[in-house]
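Undergrad: sequence plus the predicted model coming up.
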Amino acid sequence: MTDRPIKVLIAKPGLDGHDRGAKVLARGLRDEGFEVVYTGLRQTPEMIATAALQEDVDVVGLSILSGAHMTLVPRVTKLLTERGMDDVLVTVGGIIPDVDVEALREAGVAEVFGPGTTIGQVADFLRANARPRG
């Protein structure tokens, strides 16, 4: 068992230009003891999967408000699997209609965090469910 902190990649897929929530989460998780990498705005699924592989992360957190979650999120999970990272915990946060949650879970998403979720709730979920890769 390693003593290193859980490493989380926070990414903003697609053309969504609103990143305040992602930045607040990234800082909050860092304050909770996680190692956090934030990729910035307008990332393609390929860029996200490559960053996850290069950074050897335990968690990929996708923040999406654009409505393109049913296209972008399954693409990210597929690319992670293709790169041998199917053990990485994938979470999604943002504006996700309830009707889409089950399909996202079937695509490999462990949890969907909606508006009003606290940093503590996210941190607790990650601690309970992420498994360090290294």
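TA: Yep, it's here.

Undergrad: what's near enough to touch V90?
TA: 59-62, 73, 76-77, 80, 108-110 (CB atoms under 8 Å, 6 or more residues apart in numbering). Heads up, the C-betas are built off the backbone N, CA and C, glycines and all.

Undergrad: let's go with 7 Å and repeat that
TA: Each residue near V90 by CB atoms under 7 Å, 6 or more residues apart in numbering is listed here: 60, 77, 80, 108-110.

Undergrad: in TSV, list those along with distance to G40.
TA: Formatted as TSV, the contacts of V90 follow (distance: CB to CB, whole Å):
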residue	distance to G40
V60	14
T77	20
L80	19
G108	23
V109	21
A110	23
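
Undergrad: and the furthest pair within these?
TA: Longest distance between any two of these is 12.1 Å, between L80 and A110; criterion CB to CB.

Undergrad: tell me which of these two has more neighbours.
TA: L80 (22 against 17; other CB atoms under 10 Å).

Undergrad: in the helix ranked longest in the chain, which residues are buried?
TA: Longest helix of the chain, by residue count under DSSP state H: helix 69-82. By neighbour count on 16 or more other CB atoms under 10 Å, the buried set for helix 69-82 is 69, 72-77, 79-80.

Undergrad: quickly list what the residue nearest the centre of the chain is bridged to.
TA: With distances taken as CA atoms, centre = their mean, the residue of the chain nearest its centroid is G61 (1.0 Å). Listed by DSSP bridges, the beta-bridge partners for G61 are I10, T91.

Undergrad: any stretches of this structure with poor pLDDT?
TA: 1-2, 133-134 (pLDDT under 70).

Undergrad: can you give me the helices for it?
TA: 20-31, 45-55, 69-82, 98-106, 119-129.

Undergrad: the shortest one vs helix 69-82, what angle?
TA: For helix 98-106 against helix 69-82, the angle by axes from the mean of the first three to the mean of the last three CA atoms, to 10 degrees is 10 degrees.

Undergrad: now do helix 98-106: which elements does it pack against?
TA: In this structure, helix 98-106 makes packing contacts with helix 69-82, judged by 3 or more CB pairs under 7 Å, 6 or more residues apart in numbering; DSSP states H and E.

Undergrad: how far does the helix it packs on sit from its chain's centre?
TA: Relative to its parent chain, helix 69-82 has a centroid offset of 11 Å by CA atoms, centre = their mean, to the nearest Å.
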